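Asks: With the sequence up front, the predicted model follows.
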Amino acid sequence: MNAIPNKTWADGIRAVHEEAAGMLTMLVIRQSEALELMTDALQGDAEAARLLTLISKTAKRIDVAKRTRSPMLCVSCPRPILNNQFSFVVAGPVGGGAVNHIAVAVCTKCGRSTADITRKATTGLRRLWPDLRPISVHPTAGHA
């Protein structure tokens, strides 16, 4: 993964860290799923619109980096992100009211399945959050 490219990126990471208070969620978005996300956004889904905006900004950063001959790297390995051979991973605080998120890219060499992409993104994001570790959330909650 590239070193933190600029102050805006560093500020974004700090904002996510502070808002998350130790609990992040990660969402894998393949490029083929962007059309569905766009459709949902056009139908008024605010979460889809927010995610679409975030991955659009990340795609633009990837494109600009390619043109400046300093391509963005996969979050997990030193491969450059080129030729649309990657998936987006959006990481942010757990909860519906979260404001701050970051998006990174995982190359297809590192992973094609959601599980592999998530695992590789976790590995890469540990450079930002060394204590990052996956936890299992059980869909059927019990009573305490």
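Replies: That came in fine, so what should we check first? Residues are numbered from 1 along each chain as shown.

Asks: how many neighbours does residue 109 have?
Replies: Residue 109 has 13 neighbours, counted by other C-beta atoms under 10 Å. In short, each C-beta sits where N, CA and C put it, glycine included.

Asks: typo on my end, it should be residue 14
Replies: Neighbours of residue 14 using other C-beta under 10 Å come to 12.

Asks: would residue 112 count as being in a helix?
Replies: No: per DSSP: H, G, I helix; E, B strand; the rest coil, residue 112 lies outside any helix segment and is coil.

Asks: can you tell me the helix or strand for residue 118?
Replies: helix 114-125 (DSSP states H and E).

Asks: Quick one: distance of that helix to the chain centre.
Replies: Offset of helix 114-125 from its chain centre (C-alpha atoms, centre = their mean, to the nearest Å): 10 Å.

Asks: helices or strands next to it in the packing?
Replies: When contacts are defined as 3 or more C-beta pairs under 8 Å, 6 or more residues apart in numbering; DSSP states H and E, helix 114-125 packs onto strand 24-30, strand 86-93, strand 102-107.

Asks: Measure how that helix sits relative to strand 102-107, angle-wise.
Replies: On the basis of axes from the mean of the first three to the mean of the last three C-alpha atoms, to 10 degrees, helix 114-125 is oriented at 120 degrees to strand 102-107.

Asks: Okay then, goodbye and thanks.
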